[in-house]
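Colleague: Got a sequence here, can you build the structure:
(4 chains)
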Protein chains: 2
Amino acid sequence: MASVTIYDVAAKAGVSIKTVSRVMNKEPNVRPAMRDRVLEAAGELGYSPNLSARSLAGSRSFVVAVFVDAALTIDHWQSERGADYLSRIQLGATLVCREAGYHLLIELIDNDGPKVRQDVAAFLAALKPDGVILTPPSSDNPGVLETLDKAGTPYVRVGPERAEGLGPRVHMDDVAAAREMTQHLADLGHKRIGFIVGEPRYGASQARREGYLEAMKARGLAVADGWVRQGDFTFQSGLEQAKALLALPDRPTAIFASNDDMALGCIAAIAEAGLMTPGDVSVAGFDDSPSARFSRPQLTTVRQPVAEMSSAAAKLLIAQSRSSDPPERPVDMLLPFELIHRASTAPPPK
Amino acid sequence: MASVTIYDVAAKAGVSIKTVSRVMNKEPNVRPAMRDRVLEAAGELGYSPNLSARSLAGSRSFVVAVFVDAALTIDHWQSERGADYLSRIQLGATLVCREAGYHLLIELIDNDGPKVRQDVAAFLAALKPDGVILTPPSSDNPGVLETLDKAGTPYVRVGPERAEGLGPRVHMDDVAAAREMTQHLADLGHKRIGFIVGEPRYGASQARREGYLEAMKARGLAVADGWVRQGDFTFQSGLEQAKALLALPDRPTAIFASNDDMALGCIAAIAEAGLMTPGDVSVAGFDDSPSARFSRPQLTTVRQPVAEMSSAAAKLLIAQSRSSDPPERPVDMLLPFELIHRASTAPPPK
DNA sequence: CTGAAAGCGCTTACAG
DNA sequence: CTGAAAGCGCTTACAG
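Modeller: Numbering: from 1, shown residues only, chains lettered A, B, ... in the order given. The predicted model follows:
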């Protein structure tokens, strides 16, 4: 019960606590013999430095925080929708933290609340995390960013929409991904390709639409009235918008939905209309969510490097906290996406 | 940058730091006028007590940890399967923590590793969390439980398999849930009901099989050879075992899969065999995962109170950390499941 | 109801 | 290469 402290280890090893501290922190200037003696004593005693004491006395807390939007989280809970994006964010970050002896803290943020700045400032003052990983929409929240800057807490923005000059970011190219997926459909021979836009509050929604429009233009394909439809990232919206697309006089032979949930809705709508995917209508999604492989046919989609982005963010923050160097050149990591070709896309019917 | 400390607030309010401390901790014995003065000073200064200092000097850390299995986590990542269970665990706990001013830490545990005890002991010594939420299989890991007991750290086991006498637990009745689902199928008129068992390492797998067998027996329904098949909770295993069931001479008219992923595999297998769900074969799942509503037909399944279990666990731990009372009578909370009737189950074909 | 003193377990300068 | 002193920002007894 009574914890083992640095004094116990120092006494057992017959050295000063400062030497124990040096060994535990892998600082130089300790003779190998001393080091071994300390390590042995620490091992026998089962000593593990108290993080609070380290944090209070020193400049590091060994804690990395992830800011997650509170409203989105509650929404996911209530709607029983998946939280796949956040799971992946956490997986990537947790693994990196663990390897480095850091700990990951999940912090819920009211991005739209009137007290975001206060909340964030209070959190930073209380916890003094060595770094913060910002997930959307915190990644673009000026109040959050400024508060972090003011506190001098390093952070990395994951998948932000607004460009540079706003602090380090790790992201992927949504425009290019949507462009390539549209090209894939065009390459299969589709000329009439419909598109379902995602929830407008997410910057990614606009980026994906842009990529679609660019590719259509580049291939000289017309975008007829009613082919670009507004969804909201839910299965239901995909179902409805696909129905609308199928009801069009000159209906598309392919539908590109901005995320997998909507794409699954499209497949359901196509089946309900008595048509086949991909025989009559091809469907492409975006995300590579778990359900993309459980659908029949399996979904052609875009794999986002979500876990990789958060791993990269965690690594950056940990490296920075270790070196305490000035944040060198501005970080701007672009991670590659991947087109996953599965069974939901095929050439259009003859 | 330079943090606001308790001394700044005390100076500004013209009181001692002890009084500030009393106000911040809502301790009694402070005159309302004093309290107001302190609160005002704290507000103007934007003061937020340093958690490390609080933890070091006091007996609370305001941190609740969730133990998550490392291997499972890595597995989920690599297989790109969902981590729905863990998401729900976290959602429930995070919300409660935030409301109470606590912080949630995710800690990866090597449940099968040779150093679990050491790892856990080191974590507890370093972080001194006020409580730990154990998710399966940590909930049943003797090494983990004993280490927590030895350190005197309060914990709650979520969904453990082994019964009482092993510390507080919050769980649901898997046997009853499987029994009721089987009864539901029998009530629809099914007499030939197949069952797909889950990954054997999970205690829930056995419990669900037991519930199925109990209900079959109670209804006087025979369980023919080959009707109980071993799966592993993956879509693929559900697909394969359903194929095997459908190939049986006297094939079942209903299949009850131990989780939704396998149930979705069943639906796929039924379609591949040229049959209809539920027209020819009914399918029931277990979990109410997000994809249960994206499938066609939508899945009849069991909703587990996962978020509710972790909320309850977090509440218990926070209450205990606040009162520092002896852990009263042993906690054993049984939370209700819910049968979700959707479209994948119907009477058997005439 | 209020406060002065001691101490939590470390790291940070600073000496030698 | 090693160590003695001071201090991080709080809470815990203990006085009054």
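
Colleague: Report the contact partners of the nearest residue to A:Met24 once chain neighbours are set aside.
Modeller: Of all residues not flanking A:Met24 in the chain, A:Pro49 sits nearest, at 5.6 Å (C-beta to C-beta, 6 or more residues apart in numbering or on different chains). All C-beta spots, glycine's among them, are computed from the backbone N, C-alpha and C. Each residue near A:Pro49 by C-beta atoms under 8 Å, 6 or more residues apart in numbering or on different chains is listed here: A:Ile6, A:Met24, B:Ala126.

Colleague: Can you tell me which of those comes closest to DNA strand D?
Modeller: Closest approach between these and DNA strand D, by C-beta to the nearest atom of the strand: A:Ile6, at 10.1 Å.

Colleague: Specify the local secondary structure of A:Ser61.
Modeller: coil (DSSP: H, G, I helix; E, B strand; the rest coil).

Colleague: can you give me phi and psi for the residue nearest to A:Met24?
Modeller: With angles defined as degrees, to the nearest 10, A:Pro49 sits at phi -60, psi 140.

Colleague: if I look at it, how far off is A:Asp110?
Modeller: Distance of A:Pro49 to A:Asp110, given as C-beta to C-beta, to the nearest Å: 34 Å.

Colleague: Please apply the same query to A:Arg31.
Modeller: Per C-beta to C-beta, A:Arg31 is found 53 Å from A:Asp110.

Colleague: right, and the secondary structure at the residue nearest to A:Ser61 when sequence neighbours are not counted would be what?
Modeller: Closest residue in space to A:Ser61, ignoring its immediate chain neighbours: A:Ser55 at 4.1 Å, by C-beta to C-beta, 6+ apart. Following three-state DSSP, the label given to A:Ser55 is helix.

Colleague: my read: A:Ser55 touches A:Phe62, true?
Modeller: Yes. Using C-beta atoms under 8 Å, A:Ser55 is in contact with A:Phe62, at 7.3 Å.

Colleague: Buried residues, stretch A:24-37. List them.
Modeller: Buried residues in stretch A:24-37, counted by 16 or more other C-beta atoms under 10 Å in any protein chain shown: A:Met24, A:Val30, A:Met34, A:Arg35, A:Arg37.

Colleague: Which residue is the nearest non-sequential neighbour of A:Ala215?
Modeller: Closest to A:Ala215 by C-beta to C-beta, 6+ apart is A:Thr182, at 3.6 Å.

Colleague: ok, the residue nearest to A:Ser61 - contacts?
Modeller: A:Ser61, A:Phe62, A:Val63, A:Lys128, B:Ser52.

Colleague: Give me the buried positions along the helix or strand of chain A with the lowest mean pLDDT.
Modeller: Lowest by mean pLDDT, DSSP states H and E among the helices and strands of chain A is helix A:70-79, with a mean of 78. Buried residues in helix A:70-79, counted by 16+ other C-beta under 10 Å: A:Ala70, A:Leu72, A:Thr73, A:His76, A:Trp77.

Colleague: Of those residues, just say which sits nearest to chain B.
Modeller: A:Trp77 (4.7 Å; C-beta to the nearest C-beta).

Colleague: Quick check: of the buried residues of helix A:70-79, which lies closest to B:Arg162?
Modeller: B:Arg162 has its nearest neighbour among those in A:Trp77, at 28.8 Å by C-beta to C-beta.

Colleague: So, low pLDDT: which residues of chain A?
Modeller: Flagging of chain A using pLDDT under 70 yields the residue ranges A:1-2, A:77-82, A:163-165, A:324-328.

Colleague: Which parts of it are helices?
Modeller: In chain A, the helices defined using DSSP state H lie at A:6-13, A:17-24, A:32-45, A:51-57, A:70-79, A:84-100, A:116-127, A:142-151, A:174-187, A:203-218, A:235-246, A:260-272, A:306-323.

Colleague: could these go into JSON lines alongside distance to B:Ile89?
Modeller: Putting those into JSON lines (distance: least, C-beta to C-beta, whole Å) gives the following:
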{"stretch": "helix A:6-13", "distance to B:Ile89": "35"}
{"stretch": "helix A:17-24", "distance to B:Ile89": "33"}
{"stretch": "helix A:32-45", "distance to B:Ile89": "34"}
{"stretch": "helix A:51-57", "distance to B:Ile89": "24"}
{"stretch": "helix A:70-79", "distance to B:Ile89": "11"}
{"stretch": "helix A:84-100", "distance to B:Ile89": "11"}
{"stretch": "helix A:116-127", "distance to B:Ile89": "22"}
{"stretch": "helix A:142-151", "distance to B:Ile89": "26"}
{"stretch": "helix A:174-187", "distance to B:Ile89": "30"}
{"stretch": "helix A:203-218", "distance to B:Ile89": "27"}
{"stretch": "helix A:235-246", "distance to B:Ile89": "24"}
{"stretch": "helix A:260-272", "distance to B:Ile89": "22"}
{"stretch": "helix A:306-323", "distance to B:Ile89": "19"}
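
Colleague: Many thanks, have a good one.
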